[in-house]
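Asks: Need the 3D shape of this:
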Amino acid sequence: MTPGEYRSTRRFTNSPPRNRLSEGTLAKATGVNMSSYGVCFNDGTDEPNFCYLAALEVSDLGDIPMEMVAKTMPANTYAIFTHKGSVDELGKTYEYIFETWLPNSNYEIASPYDLEHYDNRLDPENPGNSEMFIWIPFKAKS
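Replies: You can find the predicted model right below:
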């Protein structure tokens, strides 16, 4: 799958994942902070099937509510990009990452996923002034 195929499969809403979870489920989860994450990855097939896992960072995997699953992300080095503005324009930030920054760097993708980080700067009521962060795992080109 090429980065272009990857980006073309993305679908977004104007709200961070925590707004789509029930308040009861969130109250049971012992989040480290009120940030939320999107884990973006391919489903492992040859088709460009985009998968998205809404996530919260927790301090203990032992007390995860039944409505949630526990996943541990492997340690990596990340390039962190700031996306400013509406999530409707997020494809342009990914385009810059995969078509400008990455090919002109001395790096390559280290893992088959990336992370989107949402905090109080993502404002569904004022999407033009919103900010979110894209974490791309990278390593030196071999």
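
Asks: Compute the distance between C51 and S105, please.
Replies: 26 Å (C-beta to C-beta, to the nearest Å). To be clear about C-beta, it is placed using only N, CA and C from the backbone, and glycine gets the same treatment.

Asks: try D114
Replies: Relative to S105, and taking C-beta to C-beta, D114 is found at 15 Å.

Asks: Then K84?
Replies: For K84 relative to S105 (C-beta to C-beta), the value is 21 Å.

Asks: just to revisit the earlier point, which of D114 and S105 has more residues huddled nearby?
Replies: D114 (21 against 12; other C-beta atoms under 10 Å).

Asks: quick one: contacts for the more buried one?
Replies: By C-beta atoms under 8 Å, 6 or more residues apart in numbering, the contact list for D114 reads 40-41, 134-137.

Asks: Convert the C-alpha atoms of the helix or strand hosting it to CSV, please.
Replies: Taking DSSP states H and E as the criterion, D114 maps to strand 113-118. Presented in CSV, the C-alpha positions along strand 113-118 are these (Å, rounded to 0.1, in the frame of the first residue of the first chain):
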residue,chain,number,x,y,z
TYR,A,113,0.9,2.4,12.2
ASP,A,114,0.8,6.0,13.2
LEU,A,115,-0.8,7.8,16.1
GLU,A,116,-3.1,10.8,16.1
HIS,A,117,-3.1,12.7,19.4
TYR,A,118,-6.1,14.8,20.5
